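Peer 1: Return a 3D structure for these sequence lines:
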Amino acid sequence: MEAINYLLRFFFDAIVMVLILRVWLQLVKADFYNPLSQFIVKVTNPLVIPLRRVIPGFGGVDLATILVAIVFSTLEFVVIPVINGGPVDILAAAYFGMLALIKQVGFLLFIIMLVMALMSWVVQGYNPTMVIFQQLTEPFLRPIRRVVPVIGGLDLSILVAFLILNVINILLGSSIPYWQML
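Peer 2: I've put the predicted structure just below:
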């Protein structure tokens, strides 16, 4: 049963992460023709397109995709207890789903910056994935770069961003019930 729970968590988390990336790519106006952007759009279209006909965007924010992400994030806390034969509290599932969604955004930002830092050591020249990652992280790293300049050719903004994300995670863990559990 533990393996099934693991696979279900992976399934729901992967869908939520791809949906978050779709919204994020739209917000930063990333290159739509980039292969990574195309992959994310094509994977999420079957989930999002039917709702986009009913739920319009607002101010450049794709509300249909956000709603689908919330639903899948909440479904994780409904489906897994049902499969395990436990009780389901819809309000608690919605609460945990929203917390998990917020935490996924921070985790995704962390992972993208980590991959970006590793790729900067290995990749030479133009790389379409690196370009998208730079477009995604630039709104977060630009303010840090204003305060922490490049020192000796090293961009320490990602390190500072890691520290900030961890401090935020610790603060939220101490102030929001069940944050550390997710």
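Peer 1: In this protein, what residue spans correspond to helices?
Peer 2: Assigned helices in the chain, in chain order: 2-27, 35-52, 63-83, 90-122, 128-147, 157-175 (criterion: DSSP state H).
Peer 1: What are the buried residues along the fifth one?
Peer 2: Looking back up the chat, that one is helix 128-147. Within helix 128-147, the residues that count as buried by 16 or more other Cβ atoms under 10 Å are 130, 132, 133, 134, 135, 136, 137, 140, 141, 144, 145. No exception for glycine: its C-beta is placed from N, CA and C like everyone else's.
Peer 1: likewise the last one?
Peer 2: When neighbours are counted by 16+ other Cβ under 10 Å, the buried residues of helix 157-175 are found to be 157, 158, 161, 165, 169.
Peer 1: just the longest one next, same as before
Peer 2: Judged by neighbour count using 16+ other Cβ under 10 Å, the buried positions of helix 90-122 are 93-97, 99-101, 103-104, 107-110, 112-113, 116.
Peer 1: try the first one
Peer 2: For helix 2-27, burial by neighbour count (16+ other Cβ under 10 Å) applies to 8, 12-13, 15-26.
Peer 1: and it, how far from the chain's centre?
Peer 2: 8 Å (Cα atoms, centre = their mean, to the nearest Å).
Peer 1: What is it packed up against?
Peer 2: Packing contacts for helix 2-27, counted by 3 or more Cβ pairs under 8 Å, 6 or more residues apart in numbering; DSSP states H and E, involve helix 35-52, helix 63-83, helix 90-122, helix 128-147.
Peer 1: Spatially central, which residue of this structure would that be?
Peer 2: residue 105 (3.5 Å; Cα atoms, centre = their mean).
Peer 1: residues contacting that residue?
Peer 2: Residues near residue 105 by Cβ atoms under 8 Å, 6 or more residues apart in numbering: residue 20.
Peer 1: I figured residue 180 was touching residue 171, is that so?
Peer 2: No. Between residue 180 and residue 171 there is no contact under Cβ atoms under 8 Å: 11.6 Å.
Peer 1: Lovely, talk soon.
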